[in-house]
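A.B. asks: what's the 3D shape of this:
(one chain, ligands or ions: 1)
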Amino acid sequence: MSATAASVTRHDWSLAEVKALFEQPFNDLIFQAQGVHRQHFDANRVQVSTLLSIKTGACPEDCKYCPQSGHYNTGLDKEKLMEVQKVLDAAADAKAIGSTRFCMGAAWKHPSAKDMPYVLKMVEGVKAMGLETCMTLGKLDQEQTRALAAAGLDYYNHNLDTSPEFYGNIITTRTYADRLETLSYVRDAGMKICSGGILGMGESLDDRAGLLIQLANLPEHPESVPINMLVKVKGTPLADEQDVDPFDFIRMLAVARIMMPKSHVRLSAGREQMNEQTQAMAFLAGANSIFYGEKLLTTPNPEANKDMQLFSKLGIKPEAYEVHEDESEQEAIIVNKLQEAAMDSLFYNAAK
Ligand code: SF4
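C.D. replies: Model (predicted):
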């Protein structure tokens, strides 16, 4: 495929095809990905979200990469579900510095009946501020997905993490089929899906390709595809895994862009470890979404004003909230706010 050939949205990718994408010369892959990207997006815009941990640690799941799992001793301070008003205050701060989407994450296997009313209030309150809403709460049943959609939840994050074949090496407390079931309930309830995975857990190229095949061959592509670099946290079983070669990470972003041409591909956890050049290459490969703010759940995220400096160097502008009534006004707010350097105090620090 040339960079200018019209990209089509496909749901029938084979392993051989995807491996062929990965294995082509780097420059050809990036050229192709950038060509696909420009057919569907403004290449100089990046969507900006803020992530807040609304319930931290003591998770019953055993995800080997995660410092929040109750199975590992990582020294993380545990926190109960935050009060609704504190969440709304953090959302207001995120809006004030220009984020257009507010993502709320809870370290649960699934939300309990007791917690749901609070969670729904958070969604309603954040939505009423004019922000897009996103949550990650673990496994959901159909009743819960319907209730979240009715409260105004725009996106549900539920990562597949890796290929079905490798999944059991990383998580034993739930199955791949559980994950796919929750994703189907989220879709049926009319919400958008945010789902991706992690590189650097000891997976093979086939596993990376296998993850992207699972995502791209869903009946509808996830609107948001976070691609994470493992953040190695002492105390987790993956603390001593080998680093991923940055070029392999960029290849993953580029192949995701080609396979899911209309999705936002998010450069997600692990950005702290990347230099500016690697991040610039990620944008060139078609990544067009980032988390912005001081903390990404419980691992460090580059400081927000560093992000703005990089955006400025690259001529990148934040993407406006697409349903805002006056997009130019929103953009002006975002640009002005994001360029203010003294913003650190505006962030909730999930690690404190
Ligand atoms: S990744 Fe999520 S589900 Fe897994 S242990 Fe961490 S908080 Fe729990």
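
A.B. asks: Tell me how far whichever strand or helix holds T182 lies from the chain's centre.
C.D. replies: For T182, the element it lies in under DSSP states H and E is helix 176-188. Helix 176-188 sits 17 Å away from the centroid of its parent chain (Cα atoms, centre = their mean, to the nearest Å).

A.B. asks: Send me that helix as CSV with only the CA atoms.
C.D. replies: Coordinates of the C-alpha atoms in helix 176-188 are reproduced here as CSV (Å, rounded to 0.1, in the frame of the first residue of the first chain):
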residue,chain,number,x,y,z
TYR,A,176,-9.8,-12.7,27.8
ALA,A,177,-13.4,-13.7,27.2
ASP,A,178,-14.4,-11.6,30.3
ARG,A,179,-12.8,-8.6,28.8
LEU,A,180,-14.4,-9.0,25.4
GLU,A,181,-17.8,-9.5,27.0
THR,A,182,-17.5,-6.2,28.9
LEU,A,183,-16.5,-4.5,25.7
SER,A,184,-19.5,-5.8,23.9
TYR,A,185,-21.8,-4.6,26.7
VAL,A,186,-20.2,-1.2,26.5
ARG,A,187,-20.9,-1.0,22.8
ASP,A,188,-24.5,-2.3,23.2
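
A.B. asks: what about that helix, near the ligand?
C.D. replies: No - against the ligand, helix 176-188 shows no contacts by Cβ under 6 Å from any ligand atom, the least distance being 10.3 Å. Every C-beta, even on glycine, is put in place using the N, C-alpha and C of the backbone.

A.B. asks: Contacts for that helix, please.
C.D. replies: With Cβ atoms under 8 Å, 6 or more residues apart in numbering as the test, helix 176-188 has contacts from 139-142, 145, 156, 158-160, 164, 167, 193, 195, 214, 218-220.

A.B. asks: Go through those and flag which are in strands.
C.D. replies: Within these, residues falling in strands by DSSP state E are Y156, I193.

A.B. asks: Go ahead and build a PyMOL selection from the buried members of the contacts of helix 176-188.
C.D. replies: Selecting only the buried entries of these in PyMOL, with 16 or more other Cβ atoms under 10 Å as the criterion:
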select buried, resi 139+140+145+156+158+159+160+164+167+193+195+214+218
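
A.B. asks: Put the alpha carbons of stretch 102-120 into PDB.
C.D. replies: Output in PDB follows, covering the C-alpha atoms of stretch 102-120 (Å, rounded to 0.1, in the frame of the first residue of the first chain):
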ATOM      1  CA  PHE A 102     -11.700  13.600  32.100                       C
ATOM      2  CA  CYS A 103     -10.900  10.000  32.800                       C
ATOM      3  CA  MET A 104     -11.600   8.400  36.100                       C
ATOM      4  CA  GLY A 105     -10.000   5.100  37.100                       C
ATOM      5  CA  ALA A 106     -10.800   2.800  40.000                       C
ATOM      6  CA  ALA A 107      -8.800  -0.300  41.000                       C
ATOM      7  CA  TRP A 108     -11.600  -2.700  41.200                       C
ATOM      8  CA  LYS A 109     -12.400  -6.200  39.700                       C
ATOM      9  CA  HIS A 110     -15.800  -4.700  39.100                       C
ATOM     10  CA  PRO A 111     -17.900  -1.900  40.700                       C
ATOM     11  CA  SER A 112     -20.100  -3.000  43.600                       C
ATOM     12  CA  ALA A 113     -23.800  -2.100  43.900                       C
ATOM     13  CA  LYS A 114     -22.900   0.100  46.900                       C
ATOM     14  CA  ASP A 115     -20.400   2.100  44.800                       C
ATOM     15  CA  MET A 116     -22.400   2.600  41.700                       C
ATOM     16  CA  PRO A 117     -24.600   5.500  42.900                       C
ATOM     17  CA  TYR A 118     -21.400   7.500  43.700                       C
ATOM     18  CA  VAL A 119     -19.800   6.600  40.300                       C
ATOM     19  CA  LEU A 120     -22.900   7.700  38.500                       C
END
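
A.B. asks: what does the average pLDDT come to for it?
C.D. replies: In this model, stretch 102-120 carries a mean pLDDT of 93.

A.B. asks: anything in it sitting right up against the ligand?
C.D. replies: Yes - against the ligand, stretch 102-120 shows contacts by Cβ under 6 Å from any ligand atom at A107.

A.B. asks: That stretch: which residues count as buried?
C.D. replies: Within stretch 102-120, the residues that qualify as buried are 102-108, 110-111, 115-116, 118-120, counting by 16+ other Cβ under 10 Å.

A.B. asks: Run through the residues of the stretch 51-200 of the chain sitting next to the ligand.
C.D. replies: C59, E61, C63, C66, Q68, S69, A107, G138.

A.B. asks: per-residue pLDDT, the residue nearest the centre of the chain?
C.D. replies: Geometric centre of the chain, nearest residue: P226, 3.6 Å, by Cα atoms, centre = their mean. Looking at P226, its pLDDT reads 95.

A.B. asks: Surely it and H264 touch.
C.D. replies: No - taking contacts as Cβ atoms under 8 Å, P226 lies outside contact range of H264: 9.1 Å.

A.B. asks: what residues do the two have in common as contacts?
C.D. replies: S289.

A.B. asks: where's the residue nearest to the centre of the chain, which helix or strand?
C.D. replies: Assigned by DSSP H and E, P226 belongs to strand 224-229.

A.B. asks: Go through the next helix or strand after that strand and flag the buried ones.
C.D. replies: Downstream of strand 224-229, the first helix or strand assigned by DSSP H and E is helix 246-259. By neighbour count on 16+ other Cβ under 10 Å, the buried set for helix 246-259 is P246, F249, I250, R251, M252, L253, A254, V255, A256, R257, I258, M259.
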